[in-house]
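1. Just need the structure, nothing else, for what follows:
(2 chains)
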Amino acid sequence: AQTVTQSQPEMSVQEAETVTLSCTYDTSESNYYLFWYKQPPSRQMILVIRQEAYKQQNATENRFSVNFQKAAKSFSLKISDSQLGDTAMYFCAFIERIAGTASKLTFGTGTRLQVTL
Amino acid sequence: GAVVSQHPSWVICKSGTSVKIECRSLDFQATTMFWYRQFPKQSLMLMATSNEGSKATYEQGVEKDKFLINHASLTLSTLTVTSAHPEDSSFYICSALLLISSSYNEQFFGPGTRLTVL
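-> From the prediction side, this is the model:
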């Protein structure tokens, strides 16, 4: 069974600074996807970034980038130039890449990020 | 695109009554939808996988008779909490699966429903 671990329950960063959220996972699969989801106070789940395991290049979406270390099973999220609107709960998630099937997402326990002035 | 709605967004009911929550994919068809439960300050817990035209698949420990799921069309899945009790109070989130490519599909989440059982 896959597991996703987020070891930082809470983090704080000042506006305009950079913060890195950690995530490790455990799987015996070789083909999978990793995600970071953001859940702001509205509680709407928002996909921040996606990484395909077979791609070596780290995914980037504007101010958000990941450091994907497949051998170490590590998938950290870096938020640059933090903004107040980045304040949210962040979940790391994993899914197997199996064509034609509806695989289930496995979520980590989450990291609550507070961006301060 | 890929918008998922839930209705109601918030519901209060008396203990012993049943509550139905709807999950709709507004601009795409979804043969598969998922239902999650989230307690305060915790992660999402998958309750069941809802498949159009067939029975839902429930996760271990989830009572099938208490949480009835119906996926009667390609755009609508419903979760009915039967004989609700205060311990059923929670935030319920659905997601709908969109086929992006032959080897990848992605879940799009609804805004959630807050259930309070008095």
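2. List the residues that contact residue B:114.
-> By CB atoms under 8 Å, 6 or more residues apart in numbering or on different chains, residue B:114 lies in contact with B:9, B:10, B:11, B:91, B:92. Glycine gets a C-beta too; all of them are placed from N, C-alpha and C.
3. Spell out which strands sit alongside the helix or strand encompassing it in the sheet and which way each one runs.
-> Remark: residue B:114 resides in strand B:113-117, with elements defined by DSSP states H and E. Taking DSSP bridges as the criterion, strand B:113-117 pairs within the sheet with strand B:10-13 (parallel), strand B:90-101 (antiparallel).
4. got the residues of chain B near chain A?
-> B:31-32, B:34, B:38, B:41-44, B:46, B:49, B:51, B:91, B:93, B:95, B:97, B:102-107, B:109, B:111-112 (CB under 8 Å from any CB of the partner chain).
5. Quick check on the residues you listed: which are buried?
-> Among the residues of chain B next to chain A, those scoring as buried are B:31-32, B:34, B:38, B:43-44, B:46, B:49, B:51, B:91, B:93, B:95, B:97, B:105-107, B:109, B:111-112 (criterion: 16 or more other CB atoms under 10 Å in any protein chain shown).
6. In strands, which of those fall?
-> By the criterion of DSSP state E, membership of these in strands covers B:32, B:34, B:38, B:44, B:46, B:49, B:51, B:91, B:93, B:95, B:97, B:105-107, B:109.
7. For those, point out the one with the lowest pLDDT.
-> On pLDDT alone, residue B:105 ranks lowest of those, at 81.
8. For residue A:94, give me its contacts.
-> Residues in contact with residue A:94 (CB under 8 Å, 6+ apart) are A:2, A:4, A:25, A:27, A:32, A:33, A:34, A:35, A:105, A:106.
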